[in-house]
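J.: model the following, please.
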Amino acid sequence: MQSVPELARRVCFILCEPAHPGNIGSAARAIKTMGFRDLRVVAPREADYRTHEEALAYATSSADVLEASKSYATLAQALEGVTYAWAMTGYDREFGAPLTPMRQAASETASRLSALEGSIAFVFGTERSGLTNEEVCLCQGCAAIPADPVSPSLNLSQAVQIAAYEMQLALLDARGDAGALYDWQGRFAHEEPAPLEAIEGFFDHWERAMAACGAHDPKKPRHFMEVSRRLFGRAGLTKNELDLLRGVCAAVICPKRDRIGTKTRGKAAMREQTQNDPKNSPMPPEEQ
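T.: Now for the predicted structure:
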């Protein structure tokens, strides 16, 4: 939990009476991948779900979240320490608050976390029938995931994944880091950009390669090189990428099968030429 941001630590996901241990494991994985850790389970059908083979299989690398999850007898107990709870439901209910789209609910949650103490919960019902009216009435808001009316029902862990994803985006946006998800997004930033002279050398190589394979007719260019420059210019080529492309051009001009042994033959030819060159012959003793 130490590596989880403070606001994310105060977001919890509550599963009410889940019937399938696999869904609990999948939910653990869903929230961990989005940066959350607080999973609470109310009256699960399998009391030993934390060690259940199916739950562990679906949790994969999030078995720690599964193991750390807390189990409660009732939703009221699971809501301990929660200052605001969202009932996750897409049904048109007689009871409960008006439905709020999931993205809006996540945005409001981010604002509440900054202004209030305590945790905020997203509460999910059982797989077959969702939340009961009594469970909905224990929540202050109702959030719905927009879905096709023809098929509006989501798997429990799928719904958890979407809620966690939207909540992660809302927290990133709240702290001004929208779009800045992970360090690995800049994994290519250290690569050296290709210098201008190298790029110009590549274009010469590219033109010869395309002419060699018949894709480009230098006598009837039809703006081939202009379009090529525009295409590769958008790529922002690095030195490594340019080297790769030059290798492709070399292979097009002279396939590898035709190049095998050329270095050896070239060296042998140079040695033979050197040996046959009169300039390299030893001078007669009388001329020394």
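J.: for Ala59, give me its contacts.
T.: Gly25, Ser26, Ala28, Arg29, Val65, Leu66 (CB atoms under 8 Å, 6 or more residues apart in numbering). The C-beta positions use only the backbone N, C-alpha and C, and glycine is treated the same way.
J.: I'd like the next helix or strand past the helix or strand containing it.
T.: In the assignment (DSSP states H and E), Ala59 maps to helix 53-59. Proceeding N to C from helix 53-59, the next assigned helix or strand is helix 63-68, under DSSP H and E.
J.: figure out how far that following helix is from the centre of its chain.
T.: 22 Å (CA atoms, centre = their mean, to the nearest Å).
J.: contacts for it?
T.: Residues contacting helix 63-68 (CB under 8 Å, 6+ apart): 24-25, 28-29, 31-32, 37, 39, 49-50, 55-56, 59.
J.: pick out whichever of those sits closest to Ala73.
T.: Tyr49 (14.5 Å; CB to CB).
J.: quick check: that closest one vs Asn23, distance?
T.: 9 Å (CB to CB, to the nearest Å).
J.: would a markdown table of the contacts of helix 63-68 with distance to Asn155 be doable?
T.: Formatted as a markdown table, these follow (distance: CB to CB, whole Å):
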| residue | distance to Asn155 |
| --- | --- |
| Ile24 | 12 |
| Gly25 | 13 |
| Ala28 | 15 |
| Arg29 | 13 |
| Ile31 | 15 |
| Lys32 | 18 |
| Arg37 | 22 |
| Leu39 | 16 |
| Tyr49 | 17 |
| Arg50 | 21 |
| Ala55 | 15 |
| Leu56 | 19 |
| Ala59 | 15 |
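J.: next, format those residues as CSV and append distance to Ala106, pLDDT and secondary structure.
T.: Below are the contacts of helix 63-68 laid out as CSV (distance: CB to CB, whole Å; pLDDT from 0 to 100; DSSP: H, G, I helix; E, B strand; the rest coil):
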residue, distance to Ala106, pLDDT, secondary structure
Ile24, 22, 98, helix
Gly25, 24, 97, helix
Ala28, 20, 98, helix
Arg29, 19, 97, helix
Ile31, 13, 97, helix
Lys32, 17, 96, helix
Arg37, 17, 96, coil
Leu39, 18, 98, strand
Tyr49, 27, 96, helix
Arg50, 28, 97, helix
Ala55, 26, 97, helix
Leu56, 29, 97, helix
Ala59, 24, 96, helix
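J.: just the buried ones among those, please.
T.: Neighbour counting by 16 or more other CB atoms under 10 Å classes 24-25, 28-29, 31-32, 37, 39, 49-50, 55-56, 59 among those as buried.
J.: now do the domain split for the chain, please.
T.: 6-185, 196-272 (the TED database).
J.: mind listing what's buried along stretch 51-70?
T.: His52, Glu54, Ala55, Leu56, Tyr58, Ala59, Ser62, Ala63, Val65, Leu66, Ser69.
J.: from what I can see the last one touches Ala28, true?
T.: Yes: with contact taken as CB atoms under 8 Å, Ser69 and Ala28 are classed as touching, separated by 6.6 Å.
J.: quickly list what's touching both of the two.
T.: Common neighbours of Ser69 and Ala28 (CB under 8 Å, 6+ apart) are Leu39.
J.: what pLDDT, on average, does stretch 175-183 get?
T.: Stretch 175-183 shows a mean pLDDT of 65.
J.: should've said stretch 215-234
T.: On average, stretch 215-234 scores 92.
J.: and that stretch, end to end?
T.: 21 Å (CA to CA, to the nearest Å).
J.: need the contact partners of it.
T.: Against stretch 215-234 from outside (CB under 8 Å, 6+ apart): Ile199, Phe202, Phe203, Trp206, Glu207, Met210, Ala211.
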